[in-house]
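> Provided below are the primary sequence and the corresponding predicted coordinates.
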Amino acid sequence: MSVSLLYLKPNDQFTRNIENQFYSSWQHPNTRTPKIKHIFYLLHQSPHSRGHLQRNRAYMQRHGNEQMLFHGTLRTCQIGDTPGSLYPCNRSDCKLCAILRCSFDPNKSHDGMFGHGVYTTPVSSKAEIYAKSPNSHYKAMLYANVTIGRTKTLYQAAHGLWQAPDGCDSVTAATFSQGGAVHYPEMIVYREDAICVNSLIIYEP
């Protein structure tokens, strides 16, 4: 049995909660808030996916401070465009489906502003910057359970990091208003078991 999505009906309370978070956290000025078309819950059916979910729950129990955060990435297929598009593709260039199938892999991440980690944000319009869907009329964004644990606030770029600073589990980027180097908040984790996809949001750009 492989990984698949569960279509959530528009009037479902779980759907409404995600919609509220998506819309209320859209902060970028001079951008129109997009309209959500579909929301799907990720079903952890494959042995790998179930194992990752168990590791994520165990990691959360040990470190705590779990947050629901957004992540934008490249989707080159049309998964989620319709309520029946439920299965990840196998395209080598579809980063979104690779995450759905195999979870996040910090070891394959680029050296971003705060090193080789998985970048997430509570601001949907910030994740939108990285959500690319060149082969679809719609765009896609992941909503994930992220265990922040003990976080280190960084006020300037820290390229080259492969793990959180000593004694910490994650990095939080301070915003300009806090004396930092980014416009909108972002949290970075460096372990696969620190983050687990919860749902997929499909929206009109």
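That came in fine, so what should we check first?
> could you use CA atoms for every contact and neighbour count after this?
Will do.
> what about stretch 171-186, start to end distance?
8 Å (CA to CA, to the nearest Å).
> in that stretch, what's buried?
171, 172, 173, 174, 175, 180, 181, 182, 184, 185, 186 (16 or more other CA atoms under 10 Å).
> what about this structure, any weak spots by pLDDT?
Under the criterion pLDDT under 70, the flagged ranges of the chain are 1.
> what are the ranges of the strands in it?
4-8, 35-43, 66-71, 118-120, 139-147, 151-154, 170-173, 186-189, 195-204 (DSSP state E).
> most distant residue from the centre of this protein?
residue 179 (25.4 Å; CA atoms, centre = their mean).
> quick one: contacts for residue 169?
Applying CA atoms under 8 Å, 6 or more residues apart in numbering, we find residue 169 in contact with 63, 148, 149, 150, 151, 152, 189, 190.
> among the buried residues of stretch 171-186, which two are most distant?
Distance extremes for those: the farthest pair is 171 and 184 at 14.1 Å, using CA to CA.
> what residues are up against residue 194?
Contacts of residue 194 (CA under 8 Å, 6+ apart): 56, 59, 60, 146, 147, 148.
> re earlier: between the strands of the chain, which one is closest to residue 19.
Among these, strand 35-43 sits nearest to residue 19 (CA to CA), with 7.4 Å.
> what's next to the closest one, contact-wise?
3-10, 15, 19, 80-83, 100, 197-205.
> could you dump it to PDB, C-alpha only?
C-alpha atoms of strand 35-43 as PDB (Å, rounded to 0.1, in the frame of the first residue of the first chain):
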ATOM      1  CA  LYS A  35      -8.500  31.200  -2.900                       C
ATOM      2  CA  ILE A  36      -8.100  27.700  -1.500                       C
ATOM      3  CA  LYS A  37      -9.600  25.000  -3.900                       C
ATOM      4  CA  HIS A  38      -8.900  21.800  -2.100                       C
ATOM      5  CA  ILE A  39      -7.300  20.500   1.100                       C
ATOM      6  CA  PHE A  40      -6.000  16.900   1.500                       C
ATOM      7  CA  TYR A  41      -4.800  15.000   4.600                       C
ATOM      8  CA  LEU A  42      -1.800  12.800   4.100                       C
ATOM      9  CA  LEU A  43      -2.500   9.100   4.800                       C
END
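> what angle separates that strand from strand 139-147?
In terms of direction (axes from the mean of the first three to the mean of the last three CA atoms, to 10 degrees), strand 35-43 departs from strand 139-147 by 50 degrees.
> quick one: strands adjacent to strand 35-43?
strand 4-8 (antiparallel), strand 195-204 (antiparallel) (DSSP bridges).
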